[in-house]
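*Asks:* Pasting the sequence and the predicted model now:
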Amino acid sequence: MNKYLLTGLLALAPLSLGTSLATSINLRLLESTDLHTNALGYDYYQDKATGEYGFEYTAGAIAIARGEVKNSLTFDNGDLIQGNPLGDYVAKINPLKAGEMHPMHKAMAVVGYDAANIGNHEFNYGLPFLEQVLSAAPMPYVNANVYTANGRKNEFIPYIILNKKVVDSDGKEQTVKVGVIGFVPPQIMQWDKSNLEGKVTAKDIIATANKFVPKMRLEADVIVAIAHSGLGSNNADFQVGAENATSALTKVPGVDVVLFGHSHAEFPGAAFKDYPGADVAKGQVNGKAAVMPGFWGNNLGVVDLVLEKVGSRWKVVDSKSSLRPIWDKVAKKNLVAADPRIAAVVAEAHKGTLEYVRGKVSELVAPINSYFALVQDDPSVQLVSNAQIAYVKNALQGTPNGNLPILSAAAPFKAGGRAGPNNYTDIPAGTLAIKNVADLYVFPNTVKAVVITGANVKEWLERSAGQFRRIDPSGAKDQVLVDDSFPTYNFDVMDGVTYEIDVTQPSKYDGSGKVVNAGAERIKNLKFGSAPIDPAAKFVVATNNYRASGGGSFPGLDGKNIVLDAPDENRQALIQYFTAQGKVNPSADGNWKLTPIPGQSVIFVSSPNAEKYLPAGVVKVKVRDDGFAEYRISW
C-alpha cells in the first residue's frame, strides 16, 4: 500500500471514531507555504537538480492527498514570487509582460488552488509588480491587515467565502461555506519601507482578525485563517503588532483552522512538543487545527476536519493536522514522484534563468565557502562587505558624509540551519558567474547606508553576538556554541573595525532584540584603527534596506538615520565590485574572532563537506543522522 495512502487513512480513522451517527462531512485542507519560487527541485546556486525541495514534488503529494478523500480544498500561504534566481529573472531580468501569468502561478494553475495569502516577500519587488502578478493569478488572493496609506480601506480583498460542494457520510451532496482570511506581518512596513512607505500601511494581525472574523461568521460554516506568521508567544507577554501571532490567532473566537508559515518551521513536530497549548499528536494549538509545512515545498500541510450539522449550519467537531514530507532525510530519496506537468509549464522561465545565472562576471582565483562563517571571519561575508564599502564610498563622494569613515555590516545568509546541511556557499575557483553572486547574497535587498556613533557600533555587534549560546568556562567540555534559534541573517559582521566576541558572557539581547542582560558585554577590544573606538565618533555603515529600516530589531536602526538610499541591489554592488577587480582573490582580513577560553572546547555543526577546509584548531567529530557534521574548537 502507498505510504501516504496508509498515513491518510490512519489520520482520518480517529476522526470517524467517537462521532455520532448523525450525518457528517470529512473535509481535507491542504497547504503549501514559503515556496520562494522553487517551482522545480533545482538548486540554481549549485546549478544542479535536487529532490529535497521543489513544488513539482509538492504537487505530487497534493495529488496523493486529494486521492485519499472525497472533499478537499488547497491553499497557498505566500512568499511565492521571491526567493531564488527564477524569481529575480521574471521580475527584473526578463520582466513579465502585461497580463502574463507568473511561472509559479502557471504551476499552481495546473494543480488547482482554491485561494492564496500574501507573504512578506511578495512586496520585495514593489507594489506595481505585485499588483501585476496578482491580476493574472489563477486563484483569489486574500489579505486583511494591509490598508491604503490612510488606513481607511483594505489594499487587498480581506476575505472570501467559498461555497464548497461536498459529499457527506450518507453520500449526498452538501454545500459548506468556508471563509478564508489572510494576514501578513505588519513589519513589512520596516522590511520594505522603500517600496511601501506612503503607499500602504499594515495593522496588527489579532486586532484585524477580531474585526473581520465576526462578520465572516455570519455567513461561514468554517473559518480558515491563512497567516504568513510564525507561532509566536502563547502567554500574556504577547504584544500588539507582533510579527509571529499564530498562537494568539487560534484564540480569536470563530477561527476554526490556522494555516501558518513564515518562520520555515514544521508544525506539528517534535520541536513544539513542549510549546504551551500545542498538541503535536493532533496537530492543534489551543484546541484549534493548525499546520505549518516548512519551506520550499519540502512538506505538504494536511488538515482533516469532521463537520456536523448544528441547527442550520455545519460545525467543526474534530480535527487532525499532519505533514507530508517529500524527502526522506535518512534514506536520501524522494517519498513522492514529481508531477511532470510542473516542469513543462515553467520550462521557458527555467531555461532563461539558467542562461542568466551562468553569465560570467569575473575570475575567482581561490574557492569561496561559508562552512565556518559562524565561528571565524569568513571570505564569503568579507567579499560582500568589500563590495558594499566600495559602492557606498563612491556614492557618498562630495556629500556631507563623504569624509566619514565607512564600515560595513554583512551576515552569512547560507550557514546551514533549518535549510539543512547543503545550505552553504561552496564556489570553486575559476569562472565567477551570476549564480555565484546570488549564492553569496540570496536576497534582493538594496544598498543602504546609515550614520551611527561608535557607541551604536558596539550595540549593533552586541545584538549580533546573540548568535552564540553562553559557554561556562569551568563547565563540561564540548558545550554547544551556536544558538540554532538565532537566524544567521541577523549575525552581522562589522568590517572596518576589529573586535572579539566573549561567549563566556551572557548575551545582552534576546532573540527578538530586547535587552535582557543590561550589563552584559560580549564585544571586547573593539577598535577603529589601532585605538579603542570612540563612542561619540560618527561612522557610515554600509548595509541593506532590511537592516537600515529596523529589520531584526537592531538598536539604533529605525530608518531615520539613512544617508544613502540607493536603488541598486546589494547583488549589483557585488557584480560591479567583481567586474572592476577582474580577478577576485577571496580572503578574510580576520578583523573579528571568538575570545579564547583556555582549556575549554565547544561544538558547532556544519556540512560534512567542510572537512576539506578545516582551519587551525578545528577538528571533525562525527556526522549526525540529520546530515550535519559536528566540529570541535579547542583552546
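*Replies:* That came through fine.

*Asks:* Which helix or strand contains residue 133?
*Replies:* Element membership for residue 133 (DSSP states H and E) is helix 127-135.

*Asks:* in that helix, what counts as buried?
*Replies:* The neighbour-count check on helix 127-135 (16 or more other CB atoms under 10 Å) flags 129-130, 132-134 as buried. Every C-beta, even on glycine, is put in place using the N, C-alpha and C of the backbone.

*Asks:* Just put those in a markdown table and tack on distance to residue 630 and pLDDT.
*Replies:* Output for those, formatted as a markdown table (distance: CB to CB, whole Å; pLDDT from 0 to 100):
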| residue | distance to residue 630 | pLDDT |
| --- | --- | --- |
| 129 | 43 | 98 |
| 130 | 43 | 98 |
| 132 | 47 | 98 |
| 133 | 43 | 98 |
| 134 | 45 | 98 |
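
*Asks:* now, which of these sits nearest residue 203?
*Replies:* residue 130 (18.2 Å; CB to CB).

*Asks:* Residue 119 is in contact with the closest one, correct?
*Replies:* No - counting by CB atoms under 8 Å, residue 130 does not reach residue 119; the two are 10.6 Å apart.

*Asks:* where does this structure have low pLDDT?
*Replies:* The chain contains residues with pLDDT under 70 at 1-21, 236-237, 567.

*Asks:* OK, contacts around the closest residue to residue 132 other than its chain neighbours?
*Replies:* Leaving aside its sequence neighbours, residue 132 sits nearest to residue 96 (CB to CB, 6 or more residues apart in numbering; 6.4 Å). Neighbouring residues of residue 96 by CB atoms under 8 Å, 6 or more residues apart in numbering: 90, 102, 129, 132-133, 136.

*Asks:* now residue 455
*Replies:* Per CB under 8 Å, 6+ apart, neighbours of residue 455: 535-536.

*Asks:* and with 6 Å instead?
*Replies:* Residue 455 sits next to residue 535 when contact means CB atoms under 6 Å, 6 or more residues apart in numbering.

*Asks:* what does the helix or strand encompassing residue 499 contact?
*Replies:* Assessed by DSSP H and E, residue 499 sits inside strand 498-501. Residues outside strand 498-501 that contact it (CB under 6 Å, 6+ apart): 465, 522-527, 591-595.

*Asks:* let's see 7 Å
*Replies:* 461, 465, 468, 522-527, 591-595 (CB atoms under 7 Å, 6 or more residues apart in numbering).

*Asks:* same deal with stretch 539-559?
*Replies:* By CB under 7 Å, 6+ apart, stretch 539-559 touches 190-191, 193-194, 388-389, 391-392, 396, 401, 404-409, 445-452, 454, 456-457, 459-460, 463, 490, 512-513, 562-563, 570.

*Asks:* Compute the first-to-last residue distance for it.
*Replies:* 16 Å (CA to CA, to the nearest Å).

*Asks:* Show me which positions of that stretch end up buried.
*Replies:* Those would be 539-557, 559, for stretch 539-559 by 16+ other CB under 10 Å.

*Asks:* any idea how far that stretch is from the chain center?
*Replies:* 19 Å (CA atoms, centre = their mean, to the nearest Å).

*Asks:* try stretch 391-403
*Replies:* Counting by CA atoms, centre = their mean, stretch 391-403 comes out at 33 Å from the chain centroid.

*Asks:* in it, what counts as buried?
*Replies:* So stretch 391-403, judged by 16+ other CB under 10 Å, has buried residues 391-392, 395-396, 401.

*Asks:* so residue 64 sits in a helix?
*Replies:* Yes - assessed with DSSP: H, G, I helix; E, B strand; the rest coil, residue 64 lies in a helix.

*Asks:* burial of it, as a residue count?
*Replies:* 19 (other CB atoms under 10 Å).

*Asks:* ok, now the one 4 residues further on?
*Replies:* The number of residues packed around residue 68, counting by other CB under 10 Å, is 19.

*Asks:* Same question for the one 3 residues further on.
*Replies:* As a burial measure, residue 71 scores 19 neighbours (other CB under 10 Å).

*Asks:* for it, phi and psi?
*Replies:* Main-chain dihedrals, residue 71, degrees, to the nearest 10: phi -130, psi 130.

*Asks:* got the contact list for it?
*Replies:* Counting by CB under 7 Å, 6+ apart, residue 71 has contacts 25-28, 166-167.

*Asks:* try 6 Å this time
*Replies:* 27, 166.

*Asks:* What of the one 5 residues further on?
*Replies:* Contacts were defined as CB under 6 Å, 6+ apart; by that measure residue 76 touches 32, 113, 116.

*Asks:* Could you measure from the nearest residue to the last one once chain neighbours are set aside over to residue 571?
*Replies:* What that stands for is residue 116. With CB to CB, 6+ apart as the measure, residue 76 is the residue that lies nearest to residue 116, at 4.1 Å, once sequence neighbours are left out. Distance, residue 76 to residue 571, using CB to CB, to the nearest Å: 27 Å.
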